[in-house]
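In: sequence and computational prediction follow.
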Amino acid sequence: MENLFSYYTQVIFLCLIVTNHLFEVYLYRRQLTTLHENQSTVPEEFKKIISIDDHQKAIHYATAKLQLGQWKLMWEAVLFFYWFPFRGLEKLYLATPFIDLKKEMAFLVLFILIQTLINLPWSIYSTFFLEEKFGFNRTTPKLFIADRFKGMILGFLIGAPLLYCMLLISDSTGRYWWMIAFGLMTIFQFLLIWIYPTFIAPLFNKFNPLSSDELKKGIDQLVQSAGFNAKEVFVMDASRRSSHGNAYFTGLGKNKRVVFFDTLLKDLSHREIFAILAHELGHMKLKHIPKSIIVSLILSFVGFWLMGEVSIKNWFYSGHFVRAISPGMLFLIFMQAIPMYTFWLTPIGSWISRRKEFEADEYAAKETNPEDLISGLLKLYQQNASPVVTDRFYSNFYHSHPPAFERVARLRSLIKS
């Protein structure tokens, strides 16, 4: 029976590696076709705001990213085949020195380091060639190296103790180790969400209060209406690295923040800034972060339960082309291989995220003029060279934000109602 389970798991896993990557290439091709078919004219509803030059720049930029993405997908498929069917993981584990928990820890750290180095050329090309070509890159080689170095040091200082504790728990706490591990991971996630805005993010960027006297009155009214504090609105020096504009919300409790990229504020009128701010405050007012955390905790609990169930099952390891049964190998299989099984749930997560964006838009439409939000959003599309046309199938699968035509149509329906 063990051999039968192992065989079927191998067959399913191999099929998923191939079909998942081929399906993603198919989606990319659909999106490329849609972009190509719509590059000559701006959609009628956007002609008054978006010029043909901006529209075509967005099409060419998105095309270049998709083409690079296709090559990366093929490279990732090759890596998956090496690590699993060609037993690269097993070879790395056997070549790792030490014994017991030290071996498990060294194996995990070594794998993460190898993956980081393997993916580095993609980051270099994207930053200094693709982004540079379209005029977005402002990252210097020195800053790029500093960011990667700080990221690796920070990842090791935070991740290594967590990994070691998880390995120790799985090795010494008996059958229900996964419940203790889940509790530790939950505490860690809450701590990370709480400290990220005030301790981690400032290591990479500067954050200053949005304190313009001309903006202050309108901002105070919006944040007070939402039940927050104006001190929770910050401007980030994103222009050090890129000319892309954005805004986001983060944190919990006293550490929650709404963050504007300084690049965004340069191109928006005060009324548009208020509308974008109202949208971000809508996320906070509607408690989208706590709701996302609850869903994440439920999924995490299921994941740890599954991990506990298969942790001593030979068929699970051999089903993923591994003969070494160990805690480190178990964690790595779940980190790398399990996403192959959950890939087809991606549209559900995207749909939930888009629904939250619509809800935040509706909140902003009540607090500000919807026309200001429409013009602000379309300026964001221009600034980021984001195309206003998209393949619906591709968008439904990947996009965490609604397509431009859906979002604008929804806001205009709110104006009429």
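Out: Done, it's in.
In: tell me if residue 249 really is in a helix.
Out: No. Per DSSP: H, G, I helix; E, B strand; the rest coil, residue 249 lies outside any helix segment and is strand.
In: ok, now which ones touch it?
Out: Contact partners of residue 249, counting by C-beta atoms under 8 Å, 6 or more residues apart in numbering, are 256-259, 280-281, 283-284, 289. Using the backbone N, CA and C atoms, a C-beta is placed for each residue, glycine as well.
In: go through the residues you listed and name the one nearest residue 134.
Out: Residue 134 lies nearest to residue 259 out of these, by C-beta to C-beta, at 24.0 Å.
In: from what I see, the closest one and residue 236 are in contact.
Out: Yes. Assessed by C-beta atoms under 8 Å, residue 259 is found in contact with residue 236 at 5.2 Å.
In: tell me, what's touching the two both at once?
Out: Common neighbours of residue 259 and residue 236, using C-beta under 8 Å, 6+ apart, are residue 207.
In: now residue 42: closest residue in space that isn't a chain neighbour?
Out: In this structure, residue 42 finds its nearest non-sequential neighbour in residue 55, 4.6 Å apart by C-beta to C-beta, 6 or more residues apart in numbering.
In: thinking again about what came up before, and the contacts of residue 249, which is closest to residue 386?
Out: residue 280 (18.0 Å).
In: alpha carbons only: can I get the helix or strand the closest one falls within in CSV?
Out: Assigned by DSSP states H and E, residue 280 falls within helix 270-285. Taking C-alpha atoms only, helix 270-285 is exported to CSV below (Å, rounded to 0.1, in the frame of the first residue of the first chain):
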residue,chain,number,x,y,z
HIS,A,270,-4.9,67.4,-3.4
ARG,A,271,-8.4,66.1,-4.1
GLU,A,272,-7.0,63.0,-5.8
ILE,A,273,-4.7,62.5,-2.8
PHE,A,274,-7.7,62.7,-0.5
ALA,A,275,-9.5,60.1,-2.6
ILE,A,276,-6.6,57.7,-2.6
LEU,A,277,-6.2,58.2,1.1
ALA,A,278,-9.9,57.5,1.7
HIS,A,279,-9.5,54.2,-0.3
GLU,A,280,-6.6,53.1,2.0
LEU,A,281,-8.5,54.2,5.1
GLY,A,282,-11.4,52.1,3.8
HIS,A,283,-9.2,49.0,4.0
MET,A,284,-8.5,49.9,7.6
LYS,A,285,-12.0,50.9,8.5
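In: can you give me the strands for the stretch 1-150 of the chain?
Out: In chain order, the stretch 1-150 of the chain shows no strands, with DSSP state E, counting those that start in this stretch as the criterion.
In: and what of the stretch 201-350 of the chain?
Out: In the stretch 201-350 of the chain, the strands defined using DSSP E, counting those that start in this stretch lie at 207-209, 233-236, 247-250, 257-261.
In: quick one: closest of these to residue 113.
Out: Among these, the nearest to residue 113 by C-beta to C-beta is strand 247-250 (27.9 Å).
In: residues near the residue nearest to residue 296 when sequence neighbours are not counted, how many?
Out: Distances taken as C-beta to C-beta, 6+ apart put residue 189 closest to residue 296, at 7.4 Å, once the chain neighbours are dropped. Here the number of neighbours of residue 189 (other C-beta atoms under 10 Å) works out to 14.
In: again with residue 84
Out: By the criterion of other C-beta under 10 Å, residue 84 has 23 neighbours.
In: residue contacts, the closest residue in space to it that isn't next to it in sequence?
Out: Leaving aside its chain neighbours, residue 84 sits nearest to residue 321 (4.8 Å; criterion: C-beta to C-beta, 6+ apart). Residues in contact with residue 321 (C-beta under 8 Å, 6+ apart) are 10, 84-87, 89-90.
In: need those in a markdown table (columns: pLDDT and distance to residue 266).
Out: Listed next are the contacts of residue 321 as a markdown table, based on pLDDT from 0 to 100; distance: C-beta to C-beta, whole Å:
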| residue | pLDDT | distance to residue 266 |
| --- | --- | --- |
| 10 | 93 | 54 |
| 84 | 94 | 47 |
| 85 | 93 | 50 |
| 86 | 94 | 50 |
| 87 | 93 | 53 |
| 89 | 93 | 48 |
| 90 | 93 | 53 |
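In: and stretch 321-341, what's its mean pLDDT?
Out: For stretch 321-341, mean pLDDT rounds to 92.
In: give me the buried stretch members for it, please.
Out: Neighbour-count burial for stretch 321-341, counted by 16 or more other C-beta atoms under 10 Å, picks out 321-322, 326-334, 336-337, 340.
In: between those, which is nearest residue 202?
Out: Nearest to residue 202, judged by C-beta to C-beta, of those is residue 331 at 30.3 Å.
In: surely that closest one and residue 105 touch.
Out: No. In this structure, residue 331 is not within contact of residue 105 by C-beta under 8 Å, at 10.6 Å.
In: hey, what's in contact with both of these two?
Out: Jointly contacting residue 331 and residue 105 under the rule C-beta under 8 Å, 6+ apart are 163, 167.
In: output the worst-scoring helix or strand of the chain on mean pLDDT as CSV, nothing but the C-alphas.
Out: When the helices and strands of the chain are scored by mean pLDDT, DSSP states H and E, helix 213-226 comes last with a mean of 77. The C-alpha trace of helix 213-226 is given here as CSV (Å, rounded to 0.1, in the frame of the first residue of the first chain):
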residue,chain,number,x,y,z
ASP,A,213,-0.2,72.4,5.7
GLU,A,214,-2.4,72.6,2.6
LEU,A,215,-3.2,68.9,2.9
LYS,A,216,-3.4,68.7,6.7
LYS,A,217,-7.0,69.9,7.1
GLY,A,218,-8.4,67.5,4.5
ILE,A,219,-6.4,64.6,5.9
ASP,A,220,-7.5,65.3,9.4
GLN,A,221,-11.1,65.2,8.4
LEU,A,222,-10.7,61.9,6.6
VAL,A,223,-8.8,60.1,9.3
GLN,A,224,-11.0,61.4,12.0
SER,A,225,-14.1,60.2,10.1
ALA,A,226,-12.5,56.8,9.8
